[in-house]
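**Student:** here is the input, now give the coordinates:
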Amino acid sequence: QVHVEESGGGLVQAGGSLRLSCAASGRSFGSYAMGWFRQAPGKERVFVAGISWRGSSTFYAGSVKGRFTISRDDAKNTVYLQMNSLKPDDTAVYFCAADRFRDVITPEGWPYWGQGTQVTVSS
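**Tutor:** Residues are numbered from 1 along each chain as shown. Coordinates of the predicted model:
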């Protein structure tokens, strides 16, 4: 089992950047695929980006592709989401998720979740 905790959210102007971090505790972080999701007010939680457990593949939602980058540092048990060219539509609570030994990144079936971090983009 793994416990994940997000950090790095905040208020930023449109066009700005933020980097979210997700720190994991527990054994064998390197065996977990990691994902980022977000939930805007009044909307369902949606997939944003994911990285396989070996870091060999990444996947992005179309709305963030080219602006967001997911990466992982297994030595620090941390996954990052670099968010550039932020838009007001990116405003949401961002959640980190984990799933062991996942090679193919899809939005479904992530068993471990953090509590989320708020990102607000002002126009």
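
**Student:** hmm, who's touching stretch 96-106?
**Tutor:** Contact partners of stretch 96-106, identified using CB atoms under 8 Å, 6 or more residues apart in numbering, comprise 2, 4-6, 20, 22, 24, 28, 31-37, 47, 50-54, 56-59, 79, 109-114. Just so you know, the C-beta spots here come from the backbone N, C-alpha and C atoms, and that holds for glycine as well.

**Student:** at 7 Å what do you get?
**Tutor:** 2, 4, 6, 22, 24, 31-37, 50, 52-53, 57, 59, 79, 109-114 (CB atoms under 7 Å, 6 or more residues apart in numbering).

**Student:** buried among those residues? Need that as a selection in PyMOL.
**Tutor:** The following PyMOL line selects those of the contacts of stretch 96-106 that are buried, judged by 16 or more other CB atoms under 10 Å:
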select buried, resi 2+4+6+22+24+32+33+34+35+36+37+50+52+53+59+79+110+112+113+114
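
**Student:** inside helices: which ones of the contacts of stretch 96-106?
**Tutor:** For those, not one is inside helices, with DSSP state H as the criterion.

**Student:** give me the most central residue, the chain.
**Tutor:** Nearest to the centroid of the C-alpha atoms of the chain, with distances taken as CA atoms, centre = their mean, sits W36, at 2.4 Å.

**Student:** for A14, see how far away that one is.
**Tutor:** Here the distance between W36 and A14 works out to 20 Å (CB to CB, to the nearest Å).

**Student:** please apply the same query to G55.
**Tutor:** Plainly put, G55 is 31 Å away from A14 if you go by CB to CB.

**Student:** same question, M34
**Tutor:** 27 Å.

**Student:** A23 now?
**Tutor:** When CB to CB is the yardstick, A23 and A14 sit 28 Å from each other.

**Student:** same check, this time on S85
**Tutor:** For S85, the distance to A14 equals 9 Å [CB to CB].

**Student:** S52 now?
**Tutor:** S52 is 31 Å from A14, where distance means CB to CB.
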